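K.L.:
Below: sequence and its predicted model.
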Amino acid sequence: MALSTGRALRLLWRDRVTVVTYTKAQQPSGLTKFEERTVLEGEPCKLSFASVRSVSPTDGEALVVQTTKLFLDKGVGIPPGSKIIVTRDGKDYVFGCSGEPGRYSSHQEIVLEPYVEYA
């Protein structure tokens, strides 16, 4: 039996993602408190790092910018502003979500940025 492209890709994904949102929670006292809530845990994924070198147009200084992408199943939804924790070989990498994912027939790709604490 042949594997679909999406299923074949997922067999290569060894990383796991956990997605945490910061949501309002009503306290018994009537006060509203914000708290973290895990909305997705242990989903297979692939974390990809790429460095791009460029030269500054003003002074010719070389700049290196790292781009980080998360590859995961096309059916997984990640709410805007979520904290994204990717576990690879026992080490956690923490990111924030950057914009809309690139959606393909077999998967989706999300550009990540360094995580900044909730304001």
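P.N.:
Received it, and whenever you're ready, just let me know what you need. Numbers count the residues shown, from 1 in each chain.
K.L.:
who touches residue 51 in this structure?
P.N.:
64-67 (C-beta atoms under 8 Å, 6 or more residues apart in numbering). Every C-beta, even on glycine, is put in place using the N, C-alpha and C of the backbone.
K.L.:
which of those residues lies closest to residue 23?
P.N.:
residue 67 (29.0 Å; C-beta to C-beta).
K.L.:
which residue packs closest to the closest one, ignoring adjacent ones?
P.N.:
Spatial nearest neighbour of residue 67, chain neighbours left out: residue 50 (4.8 Å); criterion: C-beta to C-beta, 6 or more residues apart in numbering.
K.L.:
how near is that neighbour to residue 111?
P.N.:
Distance, residue 50 to residue 111, by C-beta to C-beta, to the nearest Å: 11 Å.
K.L.:
Touching both of those two, which residues are there?
P.N.:
Joint contacts of residue 50 and residue 111 (C-beta under 8 Å, 6+ apart) are 67-69.
K.L.:
Show me which of the contacts of residue 51 is closest to residue 116.
P.N.:
residue 66 (16.2 Å).
K.L.:
what helix or strand is the closest one on?
P.N.:
strand 62-72 (DSSP states H and E).
K.L.:
The longest strand along the chain pairs with which strands, parallel or anti?
P.N.:
Longest strand in the chain by number of residues (criterion: DSSP state E): strand 32-55. When pairing is defined by DSSP bridges, strand 32-55 lines up against strand 15-26 (antiparallel), strand 62-72 (antiparallel).
K.L.:
quick one: low-confidence parts of the protein?
P.N.:
Where the chain drops to pLDDT under 70, the residues are 1-3, 54-60, 98, 118-119.
K.L.:
Could you report the distance from the most far-flung residue of it relative to its centre to residue 36?
P.N.:
Relative to the C-alpha centroid of the chain, counting by C-alpha atoms, centre = their mean, residue 29 is the outermost residue, at 35.1 Å. Noted for residue 29: a distance of 20 Å to residue 36, by C-beta to C-beta.
K.L.:
ok so, going back, closest to residue 82 out of the shared contacts of residue 50 and residue 111?
P.N.:
For the shared contacts of residue 50 and residue 111, the nearest to residue 82 is residue 68 (14.8 Å; C-beta to C-beta).
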